[in-house]
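Engineer: Need the 3D shape of this:
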Amino acid sequence: MFKKIAAVGCALLLCASVWSAGKKDDGTYRVAYIARAQSDSFAAWLANEMIAAAEKYPDIQLEVFDGQADDAKENAAIENAIANGFDAIIVQPNNGEAQRPYVEQIVDAGIIAITTNSRIDGIEGASSVDANPYVQAQVNAELALTQVPQNGRVVVINGPSGNFHADERRVAWQECFFDKRPDVTILAEDFANWNKDEAMQLMEDWTIAYGDIDAIISTNDNMAAGALEVVKDNPAYADILAYGVDGTAEACLLIQEGRMTSTCLQSAIDLAELNMDTVHKLLTGEATQIDTDIEEVLITKENADEYVEMYRSRGLITN
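Structural biologist: Numbering: from 1, shown residues only. Okay, the predicted model is just below:
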């Protein structure tokens, strides 16, 4: 399900230059998707779903470029897409503020610009397709209020500083959990930049330094899975709680197995379909500005089976 759809009609004549590129001789629009990083499980899933969603539009030719979790490489990819005359460029920022001036360049070049997962606010002439990161963390934090034991000891793993989703999820945890549970101690907190290996290294250090840990609070599933990998064979952590965001196939399996506590679905399927619907409306002039979000769904042991089956049906879980 999609929500918060806001579109402005095509009567704004001042934006006419945006549509000047038009269809190519073969009747297709060329769309570039600049992915944050194919090494990130969610970003890779989203890139694959973008390709699948684009196949439903015969007049869209989608090309995917990997930003490799590197601002300089992502910004260079944006500049190359501008220089190569794409009709629309969809950017999944690695660091929103680092990509902001380059998305502004897209707009200045008269090319349709969309930021997604996460949006970059305040760029006049750019559209966005995203989710609400505050609510994604909030639904987990509210669950944790009743699950984390009294005087609980927790560790916090954050996404990259300055990333809209990472920052907003951390704010939600603070306001919806830590401010309401002053008995809880944060033993350690650090950035793992959405990366599983970085989260594993942090967790290895923390288990040595602190011993007992009641909960892992992570701002995405990839990092939560990395932290859990470190303690999976250690009976001292058999009851550890772990919270994430994205609802990846791996996280759903971990929840189903009882190793992870909950996650919030950030459906790459819905994001991709909404991105293609949005870019098509912008390319054809049906709208000149669209800002829209997908819905948030909490996944726990009670409903994890449903999402595991969803992933199996799409070939993302094969066992």
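
Engineer: Using the three-state scheme, assign Arg30.
Structural biologist: Following DSSP: H, G, I helix; E, B strand; the rest coil, we place Arg30 in the strand state.

Engineer: in the protein, which spans are strands?
Structural biologist: 2-8, 29-35, 60-66, 88-91, 112-116, 127-130, 153-158, 185-191, 215-218, 241-243, 263-265, 289-294, 297-299 (DSSP state E).

Engineer: Next, the buried residues of stretch 250-260.
Structural biologist: 250-256, 259-260 (16 or more other C-beta atoms under 10 Å). All C-beta spots, glycine's among them, are computed from the backbone N, C-alpha and C.

Engineer: Now render the strands of the chain as CSV, adding mean neighbour count and distance to Ile78.
Structural biologist: Formatted as CSV, the strands of the chain follow (neighbours: other C-beta atoms under 10 Å; distance: least, C-beta to C-beta, whole Å):
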stretch, mean neighbour count, distance to Ile78
strand 2-8, 13, 24
strand 29-35, 25, 6
strand 60-66, 18, 9
strand 88-91, 29, 6
strand 112-116, 26, 9
strand 127-130, 26, 16
strand 153-158, 23, 25
strand 185-191, 15, 24
strand 215-218, 28, 29
strand 241-243, 24, 33
strand 263-265, 28, 29
strand 289-294, 20, 20
strand 297-299, 21, 31
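
Engineer: Which ones among the buried residues of stretch 250-260 map onto helices?
Structural biologist: 250-256 (DSSP state H).

Engineer: Switch these over to JSON lines, and while doing so, append distance to Asp305 and pLDDT to every line.
Structural biologist: Output for these, formatted as JSON lines (distance: C-beta to C-beta, whole Å; pLDDT from 0 to 100):
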{"residue": "Glu250", "distance to Asp305": "15", "pLDDT": "95"}
{"residue": "Ala251", "distance to Asp305": "14", "pLDDT": "97"}
{"residue": "Cys252", "distance to Asp305": "9", "pLDDT": "97"}
{"residue": "Leu253", "distance to Asp305": "10", "pLDDT": "98"}
{"residue": "Leu254", "distance to Asp305": "13", "pLDDT": "98"}
{"residue": "Ile255", "distance to Asp305": "10", "pLDDT": "98"}
{"residue": "Gln256", "distance to Asp305": "6", "pLDDT": "97"}
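
Engineer: Go through these and name the one nearest Ala209.
Structural biologist: For those, the minimum distance to Ala209 (C-beta to C-beta) is 24.2 Å, reached by Leu254.

Engineer: Now the closest one. Nearest residue, chain neighbours left out?
Structural biologist: Nearest non-adjacent residue to Leu254, counting by C-beta to C-beta, 6 or more residues apart in numbering: Met260, 3.7 Å away.

Engineer: got a list of what the residue nearest in space to the middle of the chain touches?
Structural biologist: In the chain, the residue lying closest to the centroid (C-alpha atoms, centre = their mean) is Asn117, at 4.5 Å. Counting by C-beta atoms under 8 Å, 6 or more residues apart in numbering, Asn117 makes contact with 36, 43, 46, 92, 129-131, 165, 266, 271.

Engineer: give me phi/psi at it?
Structural biologist: phi 40, psi 60 (degrees, to the nearest 10).

Engineer: measure it to Asn319 for me?
Structural biologist: According to C-beta to C-beta, to the nearest Å, Asn117 stands 28 Å off from Asn319.

Engineer: and what of Asp87?
Structural biologist: Relative to Asn319, and taking C-beta to C-beta, Asp87 is found at 41 Å.

Engineer: more neighbours, those two?
Structural biologist: Asp87 (23 against 4; other C-beta atoms under 10 Å).

Engineer: pretty sure that one is touching Val31, no?
Structural biologist: Yes. With contact defined as C-beta atoms under 8 Å, Asp87 counts as touching Val31 (6.5 Å).

Engineer: Check the contact lists of those two and give me the overlap.
Structural biologist: Shared contacts of Asp87 and Val31 (C-beta under 8 Å, 6+ apart): Leu283.

Engineer: No more questions from me, cheers.
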